[in-house]
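Enquirer: Here is a sequence with its predicted model. Questions after.
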Amino acid sequence: MTKAIVVNRTGGPEVLTVEDRPLASPGPGHVAVRQTAIGLNFIDTYQRSGLYPVPTPFVAGNEGAGVITALGEGVTDFKIGDRVAYQGQLGAYATERLLNASGLVTIPDGIEDRTAAAIMLKGLTAFYLLFKTWEVAKGQTILWHAAAGGTGLIATQWAKALGATVIGTAGSADKVAMALTHGCDHVINYNTEDFATRVRELTDGKGVDVVYDGVGKSTFEKSLDCLRPRGLMVSFGNASGVVSVPDITVLARKGSLYVTRPTSVHYFAKREELVEGARHLFEAVKSGAIKVEIGRTFPLDQAADAHRALEGRETTGSVILVP
């Protein structure tokens, strides 16, 4: 049996229920994993609420780390006892689970399980955004919203290591201070300053090359005012609500801007892409270019409280659940 956090109907954090479920033997191409740490992400809340539809009932969660306990037929890249991590496989909120081996990566020596669980989804998101969606390079200037969040703290450090000038936004003095110690050259408190005006001041009126925005509705339009002509707006999340652009000519008026809405499904569709991203991520952590901050830890059966804290903007860094 495995203890799992199940969504039987969509709604608020209260719909997350603890259930005991049977665990089958792994089928062809799959493995059984005893989980040691589970990452918490905004996508978990979108699926729970119904914003991202998932047929119910389902076990919540999308990333984790653990130890392989059984192998299905045809699995040759792993062995029992291997420490592994994953992202993008629904069903993470459980003590034990089955996983498709093609979506796993081996956790290297020098990386703890909790660190791996805290960075797989957020760190690989940072990877594709910084290296694939827009190739950040020395001399460029970027704006990253929610710079003290789990993805933000990873990405801003990584961008700084790549030689970029990094401007971040955050919603409190404590979060501003944290972002300043994790790669940001400047951090704007969006509750006390107009971030678009401040970005123009910091860039001598030029604007930034690219904006990375996981906040969504509340920051999208002003973010367009932060870009240089032909700059790129990367909208990769909806923490404050879904973005809509009813009049696409606004992009022309504001400088022939580009807008993209990327997702990891298309950046890690092939195993070699996943392995490449994980290799870069683990190397950046081991080299010290990325310092991983685990802001809060919750027992697995308190997943609802963890969701409330995340949605209430009460967290900084990564949040993990411990089975």
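Expert: Good, I have the coordinates.
Enquirer: Helix, strand, or coil at the residue lying closest to residue 260 once chain neighbours are set aside?
Expert: Excluding its sequence neighbours, the residue lying closest to residue 260 (C-beta to C-beta, 6 or more residues apart in numbering) is residue 234, at 5.7 Å. Just so you know, the C-beta spots here come from the backbone N, C-alpha and C atoms, and that holds for glycine as well. Using DSSP: H, G, I helix; E, B strand; the rest coil, the structure places residue 234 in strand.
Enquirer: Repeat that for residue 132.
Expert: At residue 132 the chain is in helix, as set by three-state DSSP.
Enquirer: re the thing from before, report how many residues lie close to the residue nearest to residue 260.
Expert: Residue 234 is flanked by 23 other residues according to other C-beta atoms under 10 Å.
Enquirer: Now for the residue nearest to residue 138 when sequence neighbours are not counted, how many residues are close by?
Expert: Spatial nearest neighbour of residue 138, excluding adjacent residues (C-beta to C-beta, 6+ apart): residue 163 at 2.8 Å. Neighbourhood size, residue 163 [other C-beta under 10 Å]: 11.
Enquirer: Residue 163 reaches residue 141, doesn't it?
Expert: No. Look at residue 163 against residue 141 with C-beta atoms under 8 Å: they stay out of range, at 10.8 Å.
Enquirer: how's this protein carved up into domains?
Expert: In the domain annotation for the chain, the residue ranges read 2-120+269-322, 138-261 (automatic domain parsing).
Enquirer: Would you mind putting those into a markdown table with mean pLDDT and distance to residue 127 alongside?
Expert: A markdown table is the format used below for those (pLDDT from 0 to 100; distance: least, C-beta to C-beta, whole Å):
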| stretch | mean pLDDT | distance to residue 127 |
| --- | --- | --- |
| domain 2-120+269-322 | 96 | 4 |
| domain 138-261 | 94 | 8 |
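Enquirer: right, and those - which one's nearest residue 132?
Expert: Minimum separation from residue 132 across the domains of the chain (C-beta to C-beta) falls at domain 2-120+269-322, 8.7 Å.
Enquirer: quick revisit: any idea whether the residue nearest to residue 138 is helix, strand or coil?
Expert: Residue 163 - assigned by three-state DSSP - is coil.
Enquirer: rewinding a little: which one of the domains of the chain lies nearest to residue 129?
Expert: Nearest to residue 129, of all those, is domain 138-261, at 5.9 Å by C-beta to C-beta.
Enquirer: Which elements pack onto the helix or strand harbouring residue 118?
Expert: Assigned by DSSP states H and E, residue 118 falls within helix 113-128. Under the contact definition 3 or more C-beta pairs under 8 Å, 6 or more residues apart in numbering; DSSP states H and E, helix 113-128 sits against strand 30-40, strand 63-71, strand 83-87, helix 150-161, helix 264-267, helix 271-287, strand 294-299, strand 318-322.
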